[in-house]
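Colleague: the following block contains a protein sequence and its predicted model.
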Amino acid sequence: MSVKDCVVERFTELCKQKGFNFNELTRSSGVSPSTVYSMADEERQEIGITTIKILCDGLDISLRKFFNDDIFDNLEQKIK
């Protein structure tokens, strides 16, 4: 699984835990809906750390808590 896919899956999981959908995440974080929905676009390959931080702020969690999840343990190798 790619880093981007893990990030999207993690945000999806956290939104479910808070009872949010992506529209509510946009409102709570103050980003545009296109920012959140483009994150889930399969053609988009990367998500910036600043965007991740802003979305984490909207969910009231730290970056440490966001990335402290087993989903990030087995990322695909980028350099071979």
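Modeller: Noted; the coordinates are in hand.

Colleague: name the SS class of residue 77, please.
Modeller: Put simply, residue 77 is coil when judged by DSSP: H, G, I helix; E, B strand; the rest coil.

Colleague: what residues does the longest helix along the chain touch?
Modeller: Criterion DSSP state H: the longest helix present in the chain is helix 3-18. Helix 3-18 has contacts (CB atoms under 8 Å, 6 or more residues apart in numbering) with 1, 20-22, 24-25, 39-40, 44-47, 52, 55, 59, 61, 66, 69, 71-72, 75. Using the backbone N, CA and C atoms, a C-beta is placed for each residue, glycine as well.

Colleague: and the angle from the helix or strand that comes right after it to helix 3-18?
Modeller: Going down the chain from helix 3-18, the next helix or strand is helix 22-29, by DSSP states H and E. Taking axes from the mean of the first three to the mean of the last three CA atoms, to 10 degrees, one finds helix 22-29 and helix 3-18 inclined to each other by 90 degrees.

Colleague: picking up where we left off before, which of the residues in the longest helix of the chain are buried?
Modeller: Residues 4, 6-8, 10-11, 14-15 are the ones in helix 3-18 that count as buried (16 or more other CB atoms under 10 Å).

Colleague: how about stretch 28-42?
Modeller: In stretch 28-42, the ones that count as buried by 16+ other CB under 10 Å are 28-29, 31, 35-36, 39-40.

Colleague: who touches the helix-or-strand element of the chain with minimal mean pLDDT?
Modeller: Sorting the helices and strands of the chain by mean pLDDT, DSSP states H and E puts helix 33-39 at the bottom, at a mean of 89. The set of residues external to helix 33-39 that reach it, using CB under 8 Å, 6+ apart, is 7-8, 11, 22-23, 25-26, 29, 44, 47, 51, 55.
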